[in-house]
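1. 3D, please:
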Amino acid sequence: MRVLARIWALATVLALAAPAGAADTIRLAVQKTGTFSWELAAIRSAGLDKEAGLSLEVTELASTEAGKIAMRAGSADIILSDWLWVSRERTLGAKLTFYPYSSALGAVMVPASSPIKTLADLKGRKLAVAGGAIDKSWLLLQARMKQDGIDLKSEATIVYGAPPLIAAKALDGELDASLNFWNFCAQLEAKGFRRLTGIEDILPKLGAKGAVAAVGYAFDESWAASHKEAVARFIAMTRKAKELLATSDAAWDKVAPLTGTTDPALLKTYRDRYRDGIPRRSIDDEEKDARVLYRVLAEIGGRDLVGPAAELDPGTFYHAVPGD
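-> Below you'll find the model as predicted:
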């Protein structure tokens, strides 16, 4: 019922879109190879931006870090980032805020014939980690293993690298296991690799009550306050796009060229994993779980990860959306 109420509220927001000729402009900084571009393709194909009375100015960037720079420089209104970064920026004086985009997380992948059957079997093995020593998924995995008395950082051989490199080395058989971002895990899955565990699978053991949207739309709260209706219509539009991608395989025809593959198996895995990651929980529930996981991350990652704040900043999550 909560999901239906939210969809109805957001549909009402779209119905109140700005009149023709008065479209509000929103500047988006988007990683060229990221999944936000998939969502934008669905939006434009279905005319959802026009329906919402929005003009989307998209700047394609090479990395998520470039998006953060664009946000700090004031050249973008909305980027994709995570609540951890938003909370840290708030403690440093930049009053950003966050609205959930996806709960899709990485996974530990092993070859199909691997003798590794459980996380405990990673002891003494070579595990490659994407994103570096303070990657959130890696820290959450370490925290989960410590609950079982295993210090994975010292009891396995850990190597770090860029996500594409790690995926390539996994395919070449150079690794016992790899922890990578979800889209690279999808590539391995389509090649027959096995998911030892998804990071989302370990979150309940760390105190989360449901799927947690780690990635979201990040924007300045002052800008949001002065563009409240446009922000509501933007979020309603993106939710409508997600529902379209969740229910229509045909909608993926516009997304497929952006994925970099024509392999039907990989395209299906991308589609399925994307759909699995569509947030469907209330903002209050999302924020409660984020607070729990923030404490876990702060304890294991320290100031290098979260900065001076031991708790998630109270204004991190954006609560001004109808239906939430």
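
2. Identify the residues contacting the residue positioned nearest the centre of the chain.
-> Nearest to the geometric centre of the chain sits Val215, at 3.1 Å (C-alpha atoms, centre = their mean). Contacts for Val215 (C-beta atoms under 8 Å, 6 or more residues apart in numbering) come out as Leu80, Ser81, Asp82, Pro100, Tyr101, Ser102, Ala104. For glycine as for every other residue, the C-beta is placed from the backbone atoms N, C-alpha and C.

3. For this structure, which segments count as strands?
-> Ranges of strands within the chain are 24-31, 54-61, 79-82, 96-102, 107-110, 126-130, 157-161, 177-180, 194-198, 215-220, based on DSSP state E.

4. Kindly present those as JSON lines, with separate columns for distance to Glu39 and mean pLDDT.
-> Shown next, in JSON lines, are those (distance: least, C-beta to C-beta, whole Å; pLDDT from 0 to 100):
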{"stretch": "strand 24-31", "distance to Glu39": "9", "mean pLDDT": "96"}
{"stretch": "strand 54-61", "distance to Glu39": "11", "mean pLDDT": "96"}
{"stretch": "strand 79-82", "distance to Glu39": "10", "mean pLDDT": "96"}
{"stretch": "strand 96-102", "distance to Glu39": "8", "mean pLDDT": "98"}
{"stretch": "strand 107-110", "distance to Glu39": "22", "mean pLDDT": "98"}
{"stretch": "strand 126-130", "distance to Glu39": "22", "mean pLDDT": "97"}
{"stretch": "strand 157-161", "distance to Glu39": "28", "mean pLDDT": "96"}
{"stretch": "strand 177-180", "distance to Glu39": "21", "mean pLDDT": "98"}
{"stretch": "strand 194-198", "distance to Glu39": "21", "mean pLDDT": "97"}
{"stretch": "strand 215-220", "distance to Glu39": "10", "mean pLDDT": "97"}
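
5. Name the nearest residue to Arg72, ignoring sequence neighbours.
-> Nearest non-adjacent residue to Arg72, counting by C-beta to C-beta, 6 or more residues apart in numbering: Ala94, 7.1 Å away.

6. Tell me how many other residues surround the one you found.
-> 13 (other C-beta atoms under 10 Å).

7. gap between it and Ile78?
-> The gap separating Ala94 from Ile78 is 14 Å, by C-beta to C-beta, to the nearest Å.

8. same question, Ala320
-> 15 Å.

9. of these two, who's got more company?
-> Comparing Ala320 with Ile78 by neighbour count (other C-beta under 10 Å), the higher total belongs to Ile78, at 25 against 15.

10. my read: the more buried one touches Phe234, true?
-> Yes. Taking contacts as C-beta atoms under 8 Å, Ile78 lies within contact range of Phe234: 7.3 Å.

11. Report the set of residues contacting both of those two.
-> With C-beta under 8 Å, 6+ apart as the test, Ile78 and Phe234 both reach Ile26, Tyr217.

12. Look up how far Gln147 lies from the residue lying closest to Trp223 once chain neighbours are set aside.
-> Leaving aside its sequence neighbours, Trp223 sits nearest to Asp77 (C-beta to C-beta, 6+ apart; 6.1 Å). Counting by C-beta to C-beta, the separation of Asp77 from Gln147 is 41 Å.

13. ok, which stretches of the stretch 1-150 of the chain are helices?
-> 2-15, 36-46, 48-51, 64-73, 83-91, 136-147 (DSSP state H, counting those that start in this stretch).

14. picking that back up, could you check how many residues crowd around the residue nearest to Trp223?
-> 23.

15. Then Gly53?
-> 20.

16. Any buried residues in stretch 65-84, and which?
-> Across stretch 65-84, burial judged by 16 or more other C-beta atoms under 10 Å covers 66-68, 70-71, 76-84.
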